[in-house]
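Student: I need the structure of the sequence given here:
(4 chains)
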Protein chains: 2
Amino acid sequence: MDIRDIARLSGYSVGTVSRAINDKPNVSEKAKARIQQVMREQGYQPNPNAQHLKQSTRTSIGVLVKGAHNQLFAELVEHVQASLGQVEEESQLVYLDEDADEVAEAVRYQSSLHFKGILFLGGDPANFRAGFEAITIPCLLLTNTAESIGRDNLSSFTTDDAKAAAEAVDELVRFGHRRIGIIGGNRRPEQIGTLRLQGAMDALERHGVPFEVERDYEPCRFSMRDGYDATMCLLRRRPDLTAIFALGDVMAIGAMRALRDVGRPVPESISVVGFDGIEASKFTVPRLMTVRQDVEGIAEKGVAALLERLEDPAKEPVHERVGHTLHRGESLCPPPHDIYHTLYEGMAS
Amino acid sequence: MDIRDIARLSGYSVGTVSRAINDKPNVSEKAKARIQQVMREQGYQPNPNAQHLKQSTRTSIGVLVKGAHNQLFAELVEHVQASLGQVEEESQLVYLDEDADEVAEAVRYQSSLHFKGILFLGGDPANFRAGFEAITIPCLLLTNTAESIGRDNLSSFTTDDAKAAAEAVDELVRFGHRRIGIIGGNRRPEQIGTLRLQGAMDALERHGVPFEVERDYEPCRFSMRDGYDATMCLLRRRPDLTAIFALGDVMAIGAMRALRDVGRPVPESISVVGFDGIEASKFTVPRLMTVRQDVEGIAEKGVAALLERLEDPAKEPVHERVGHTLHRGESLCPPPHDIYHTLYEGMAS
DNA sequence: CTGAAAGCGCTTACAG
DNA sequence: CTGAAAGCGCTTACAG
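Tutor: Model (predicted):
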């Protein structure tokens, strides 16, 4: 069943059928109606390969998600697909490991899946620096900045992670915390966790709060399980902490569970602050205090920018910081002043 | 830059270049080496549209996910992609609304995205009954059974939802609960929520526990927010409940938060049981009692079955129930016997 | 082992 | 408004 069959059955030529299919001008209403009827009767669907071959178009936008366990990306994906769907753009999702080289993967996929643009959810600037030159189609990085990469086909939208992390620390300090531990990320330069850690550490220093990264920080991947384990690890070194700042909500949820398991009620015995503002953070018990990223804003602005550059590839790249909000939660309260902490205070210093 | 340019530059004909690209026999090592060198120099990538047009092959497996807020599907997707990735199969994810007609969407996508097979994550048998005949490629339904559809290109793997829900109720009753509310699903026939509700109601009846669906059940979609709202709703009618069975973990998480907000501690004042066994259920406070589906088993067996039928489309369809496990959690304990409940008991009956 | 040629199913000037 | 014809970039018998 191809376009010739439809032409034969409808009594029109192949050219007219093609014009009818594509809603081109210069087809009589009569012809269009007849052709559509035949197509429906036959259940005919044009062969997309042939269509694209002729139009030499590439079809879909690749969406590379770096880290399947980070709920934040799931929410971003949802908004991205919504924005893309509104303009009838097809997208294609690929999940990568949190530690994968997303740029190398993109190079691999670019041709085999014929993307016309690529949207990176999460990314490591080091990978972009190393391999992005092989990619020539318009690209967009969300949740990290690509400004320093300096490629003219790469835009980026992200939260100001360092600033937001600093604000979270300000809040912890304002509540009276002076023994603060941090979990999450991997300390590789320019990675999102590292940016947050750096922002937090700068703020701690500004407030004169002692923080030694080897002792007070525990790296981990973005998942509840890893947050749980990292918390257990950190507590072994610093049982006297009065607050834990998890550099991602999924880790914060794991942390709260771990604290419960070691009999440290949150927030009475120890406070927890997260980062991201995922849906689940609104439903934890206690409700999580967190830095909420503007997921919808990042997705919508990002997609809009990408679409503009798909239209006009010569357009200058943009790099924008999208606003965030500090979201009060029940998981943060002033530190306890009981004998337990007084006891540990002496031990730890 | 097309295959002719490579032919010209390498000094071979288009046919030989094509054979070299596709690793066909009848190309000398010398020619292959020279051609590969030129391709690399030119950064040439064959046009996939043209390749597929000629081979008239379909490439990827479509994965239609019905309900973006259900974490269970996110976990299934992960396992599905892992299984598919091992055999180098490409998959393409499409997220649909929980109430979308997944079969109508599949019909739409089948041609435009040239799938060679379709994997449905979640599905309503009514939709399959109405429109599946238009789909001729091998298909697989996960998390619901398609046995009664009786199509020879449709297999299915699922948990025995009715049986599992009944077991959860058995457990609630065994703990002494007699005033049990249920939330989740939409009561449309054969839907997963309805199967679970039915299994639960049958068990309640078997135990002689009174249950009136109009009063003791509140429908809702599979999300934390909806679970929260449904719980609030149900509590207004039945403040005397000692247990809530949420027909999905995401709703159970919402329910626990709602109960906390109205000052009903879980499980001391009221117990909560979920269904699915998503990752987050292991990290809630209190830890959720739930029916854990064998996500990995469902994904792996399902994918294996689909791949077999992609190889040999004549193969008989399979419909299998994959085992589940009841997972004890802290959210279930015996009902309280305090004045509060005695009070309400009189009011409610 | 290699080349010349037909054809995959469409779209799009071009001529009428 | 419609039709006949060229061509998109490949692959694959077929002939050598």
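
Student: nearest residue to A:Ala166 other than its sequence neighbours?
Tutor: Once flanking residues are discounted, A:Ala166 sits nearest to A:Ala203: 3.9 Å by Cβ to Cβ, 6 or more residues apart in numbering or on different chains. Every C-beta, even on glycine, is put in place using the N, C-alpha and C of the backbone.

Student: now do that neighbour: how many residues are near it, please.
Tutor: Other residues within reach of A:Ala203, judged by other Cβ atoms under 10 Å in any protein chain shown, total 22.

Student: next, it: secondary structure please.
Tutor: helix (DSSP: H, G, I helix; E, B strand; the rest coil).

Student: now it: how far from A:Val209?
Tutor: 8 Å (Cβ to Cβ, to the nearest Å).

Student: list residues touching both of the two?
Tutor: By Cβ atoms under 8 Å, 6 or more residues apart in numbering or on different chains, A:Ala203 and A:Val209 have these common neighbours: A:Val173.

Student: for DNA strand D, what's the nearest residue on chain A?
Tutor: Nearest residue of chain A to DNA strand D (Cβ to the nearest atom of the strand) works out as A:Gly15 at 2.7 Å.

Student: show the backbone phi and psi for that residue.
Tutor: phi -60, psi -40 (degrees, to the nearest 10).

Student: hey, where'd the helices end up in chain A?
Tutor: Taking DSSP state H as the test, the helices found in chain A are A:3-10, A:14-21, A:29-42, A:48-55, A:71-86, A:102-112, A:125-131, A:161-174, A:192-206, A:213-216, A:224-237, A:249-261, A:295-311, A:339-348.

Student: circling back to that earlier point, give the contact list for the residue of chain A closest to DNA strand D.
Tutor: Contacts for A:Gly15 (Cβ under 8 Å, 6+ apart) come out as none.

Student: try A:Arg287
Tutor: Going by Cβ under 8 Å, 6+ apart, A:Arg287 touches A:281, A:329-331, B:257.

Student: recalculate using a threshold of 10 Å.
Tutor: A:281, A:327-332, B:257, B:260-261 (Cβ atoms under 10 Å, 6 or more residues apart in numbering or on different chains).

Student: does the residue nearest to A:Ala166 touch A:His177 like I think?
Tutor: No: assessed by Cβ atoms under 10 Å, A:Ala203 is found out of contact with A:His177, at 11.9 Å.

Student: which residues are common contacts for these two?
Tutor: Shared contacts of A:Ala203 and A:His177 (Cβ under 10 Å, 6+ apart): A:169, A:171, A:209.

Student: excluding chain neighbours, what is closest to the first one?
Tutor: It stands for A:Val169. Among residues not flanking A:Val169 along the chain, A:Ala203 sits closest, at 3.8 Å (Cβ to Cβ, 6+ apart).

Student: check the last one too.
Tutor: Here the nearest residue to A:Val209 in space, its sequence neighbours aside, is A:Arg178; by Cβ to Cβ, 6+ apart that works out to 5.4 Å.

Student: what subset of the contacts of A:Arg287 is buried?
Tutor: By neighbour count, with 16 or more other Cβ atoms under 10 Å in any protein chain shown, the contacts of A:Arg287 hold A:281, A:327, A:329-332, B:257, B:260 as buried.

Student: among those residues, which one lies nearest to DNA strand C?
Tutor: Ranked by distance to DNA strand C (Cβ to the nearest atom of the strand), the buried ones among the contacts of A:Arg287 are led by A:Ser281 at 47.4 Å.

Student: among the shared contacts of A:Ala203 and A:His177, who's most crowded?
Tutor: Counting neighbours by other Cβ under 10 Å, the top entry in those is A:Val169, with 28 neighbours.

Student: all set now, cheers.
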